[in-house]
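Asks: no sequence for this one, just the structure:
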């Protein structure tokens, strides 16, 4: 392996594979649940993006105090599937 290879930064579990944006803060700052109760630990940035993209989500505190409320407020001004071209939004059943 070449000595100048940069290892990719770890990403939180909520970061979508198509989302190239970097995580913000600890990777377990919050836990986001979908309407079926499936949970994902997330940084604040990807937690807000995930929350904004789900139907009936919930957010719970993780390792960062007050991060859950930050995720909630950021999600209010974040478009669903912010990393996609909005001409290709999935159906509600695919969220």
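Replies: Yes, it's here. Not measured: the values here are computed from a predicted model.
Asks: ok, which stretches of the protein are strands?
Replies: 30-33, 39-42, 58-61 (DSSP state E).
Asks: Tell me the spacing between the closest residue to residue 72 other than its chain neighbours and residue 67.
Replies: Of all residues not flanking residue 72 in the chain, residue 59 sits nearest, at 5.7 Å (Cβ to Cβ, 6 or more residues apart in numbering). All C-beta atoms are positioned from the backbone trio N, CA, C, and that covers glycine. When Cβ to Cβ, to the nearest Å is the yardstick, residue 59 and residue 67 sit 9 Å from each other.
Asks: Name the residues contacting each of those two.
Replies: Common neighbours of residue 59 and residue 67, counting by Cβ atoms under 8 Å, 6 or more residues apart in numbering, are 30, 47.
Asks: Give the full set of residues in contact with residue 30.
Replies: Contacts of residue 30 by Cβ under 8 Å, 6+ apart are 41, 42, 44, 47, 59, 60, 61, 62, 64, 67, 68, 71.
Asks: rerun at 10 Å
Replies: Taking Cβ atoms under 10 Å, 6 or more residues apart in numbering, we find residue 30 in contact with 12, 14, 40-44, 46-48, 50-51, 59-64, 67-72.
Asks: For PyMOL, write a command that selects the buried ones of those.
Replies: Burial among those is assessed by 16 or more other Cβ atoms under 10 Å; the matching PyMOL selection reads:
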select buried, resi 12+14+40+41+42+43+44+46+47+48+50+51+59+62+64+67+68+70+71+72
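Asks: Tell me which of the contacts of residue 30 fall in helices.
Replies: 44, 46, 47, 48, 50, 51, 67, 68, 69, 70, 71, 72 (DSSP state H).
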